[in-house]
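> sequence-free structure coming up:
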């Protein structure tokens, strides 16, 4: 059997997991963890709940910043007793509270339901992110209606695939925090490692901890990374920099700003912070 090889030279062997993150409620802030069980459905506890707009039937996503950017001021934590939601005023809700829909509807100003089972054909609104930066977050901007989680079996509310990863080289080059891109796995890279190498992970085999994965297309970026995330202010460069430097036709819908990449799980297992990341030939 051949030894794992590098996409960018021998330094590839020095890649390790810097941090692990999950987001129990779609478009809310999540939590960092030391270890993460992953299988074909994604990371345990990740994006297992979402709000649905009862008027439109769309899943609430901060991609439609005009309606849902306030969700990024909420936190969600997954514990043994279920998911706990923290509101901007300090109130804490449990996902199974009988009045959780009423309280969340009051918060966002629309009637919503908190659900744990992804409806067949679940969709989100994705206005053109670069137009939103140009015209303002409250502008009526056209875009696409996207069916989510098409590469994720089960009921989770991932945007597309089970896992999302990004390297510290890409983050440092763009100059933003990992939180803005909402990855599951942040991969620490050695000095001099090139940014945007995630573009070339498609079809590559990975081993992280006891988990085997396969690279999927680069992640096209929406407006979400530019928004306020809890105490973090807006950061237009989170979209503008990859828009200038790294446009790829990752989804078949034309060249779009990309940063990071999606991964599918070939063999389930546990990933821990500090685990080496190896890429097969």
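That came through, no problem. Remember, predicted model here, so these are calculated numbers, not experimental data.

> where do the helices sit along the stretch 151-281 of the chain?
Ranges of helices within the stretch 151-281 of the chain are 168-174, 237-245, based on DSSP state H, counting those that start in this stretch.

> average pLDDT for the longest one?
Think helix 237-245. Per-residue pLDDT over helix 237-245 has a mean of 98.

> Start the count at 194 instead of 1 going forward.
From this message on, residue numbering opens at 194, which makes the last subject helix 430-438.

> Which elements pack onto that helix?
helix 322-328, helix 361-367, strand 449-460 (3 or more Cβ pairs under 8 Å, 6 or more residues apart in numbering; DSSP states H and E). For the C-beta atoms, the positions are set from N, CA and C on the backbone; glycine is no exception.

> most packed of the ones you listed?
Highest mean neighbour count among the helices and strands packed on helix 430-438 (mean count of other Cβ atoms under 10 Å): strand 449-460, with a mean of 23.

> follow-up on the earlier one: need the helices and strands packed on helix 430-438 in CSV (columns: mean pLDDT and distance to residue 309).
Listed next are those as CSV, based on pLDDT from 0 to 100; distance: least, Cβ to Cβ, whole Å:
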stretch, mean pLDDT, distance to residue 309
helix 322-328, 96, 28
helix 361-367, 98, 31
strand 449-460, 97, 21
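
> wait, which of the helices of the stretch 344-474 of the chain is closest to residue 473?
For the helices of the stretch 344-474 of the chain, the distance to residue 473 is smallest for helix 361-367, at 20.1 Å, taking Cβ to Cβ.

> who's in contact with the closest one?
Here helix 361-367 makes contact (Cβ atoms under 8 Å, 6 or more residues apart in numbering) with 211, 370-371, 374, 379-382, 386-391, 430-431, 434-435, 452-453.

> Mind checking which of these are in strands?
Among these, DSSP state E puts 211, 379-381, 452-453 in strands.

> And these, which is closest to residue 217?
Nearest member of these to residue 217, counting by Cβ to Cβ, is residue 379, at 18.2 Å.

> Which residue ranges of the stretch 244-393 of the chain form strands?
268-272, 275-279, 285-287, 305-308, 316-320, 336-340, 356-360, 378-381 (DSSP state E, counting those that start in this stretch).

> for the helices and strands packed on helix 430-438, which one sits closest to residue 400?
Closest approach to residue 400 among these is made by strand 449-460 (9.0 Å; Cβ to Cβ).

> how big is the angle separating that closest one from helix 430-438?
When axes from the mean of the first three to the mean of the last three Cα atoms, to 10 degrees is applied, the directions of strand 449-460 and helix 430-438 differ by 100 degrees.

> Run me through the strand neighbours of strand 449-460, direction for each.
Strand 449-460 pairs in its sheet with strand 356-360 (antiparallel), strand 404-413 (antiparallel), strand 440-441 (antiparallel), by DSSP bridges.

> Distance to residue 342 and mean neighbour count for those strands - can I get that in TSV?
Shown next, in TSV, are the strands paired with strand 449-460 (distance: least, Cβ to Cβ, whole Å; neighbours: other Cβ atoms under 10 Å):
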stretch	distance to residue 342	mean neighbour count
strand 356-360	12	25
strand 404-413	13	22
strand 440-441	21	16
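
> number of nearby residues for residue 270?
When neighbours are counted by other Cβ atoms under 10 Å, residue 270 registers 18.

> Also residue 247?
Neighbour tally, residue 247, other Cβ under 10 Å: 12.

> How about it: what's its closest non-neighbour residue?
Leaving out its chain neighbours, the residue that sits closest to residue 247 by Cβ to Cβ, 6 or more residues apart in numbering is residue 304, at 4.4 Å.

> Touching, the one you found and residue 250? I think so.
No - Residue 304 lies out of contact with residue 250 (Cβ atoms under 8 Å); the separation is 11.6 Å.

> Which one of the two is surrounded by more residues?
residue 304 (14 against 11).

> who are the neighbours in contact with residue 308?
Residue 308 makes contacts with 242-245, as judged by Cβ under 8 Å, 6+ apart.

> try 10 Å
Residues near residue 308 by Cβ atoms under 10 Å, 6 or more residues apart in numbering: 241-245, 252, 294, 315, 348, 350.
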